[in-house]
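>>> this one's structure only:
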């Protein structure tokens, strides 16, 4: 999936609709991706997963989203964002220096993707 497609989904689809679309895509080729079987594999009731996919209940917990992302081979951070959640590991990092991370994120808000990637690479590679 391209960056443009991801932005489309985040902006134009609900969490449940996105999950359903991914699961149904796999189900076309593999019948083990039925609501019942996926629910069993991630440890929730089939009725609950069905309600999630139809947006009849709020998105599940971070732990359930992580299991669902693994099962559907979806990006965990994307699913968490679509659910209005932030990964607990990211929360812990931000809580160590909340003012600095808030300033950084606000400064990057309108930056193009390539600029954000450049900053991330510079940090990762230690090019300060």
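Everything's here; your move. Just so it is clear, the model here is predicted, and its values are computed rather than measured.
>>> how about stretch 35-47: buried residues?
By 16 or more other Cβ atoms under 10 Å, the buried positions in stretch 35-47 come out as 35, 37, 38, 39, 42, 44. Just so you know, the C-beta spots here come from the backbone N, C-alpha and C atoms, and that holds for glycine as well.
>>> The second one sits in which helix or strand?
Read it as residue 37. Per DSSP states H and E: residue 37 is located in helix 35-42.
>>> what about that helix, average pLDDT?
Average pLDDT, helix 35-42: 98.
>>> ditto for stretch 71-82
96.
>>> tell me the SS of residue 55?
coil (DSSP: H, G, I helix; E, B strand; the rest coil).
>>> My read is that it contacts residue 17, right?
Yes - counting by Cβ atoms under 8 Å, residue 55 does reach residue 17; the two are 6.9 Å apart.
>>> Kindly list the longest helix within this structure.
helix 15-29 (DSSP state H).
>>> got the buried residues for that one?
15, 16, 18, 19, 20, 22, 23, 26, 27.
>>> And stretch 59-67, by the same measure?
So stretch 59-67, judged by 16+ other Cβ under 10 Å, has buried residues 59, 60, 62, 64, 65, 66, 67.
>>> first vs last residue of stretch 39-50, how far apart are they?
9 Å (Cα to Cα, to the nearest Å).
>>> State the distance from residue 75 to residue 54.
Residue 75 is 22 Å from residue 54, where distance means Cβ to Cβ, to the nearest Å.
>>> ok, now residue 100?
Residue 100 is 41 Å from residue 54, by Cβ to Cβ.
>>> Averaging pLDDT per element, find the lowest-scoring helix or strand in the protein.
Least confident element among the helices and strands of the chain, by mean pLDDT, DSSP states H and E: helix 3-12 (a mean of 59).
>>> hang on, the earlier thing: relative to residue 89, which of the buried residues of stretch 59-67 is nearest.
residue 62 (9.9 Å; Cβ to Cβ).
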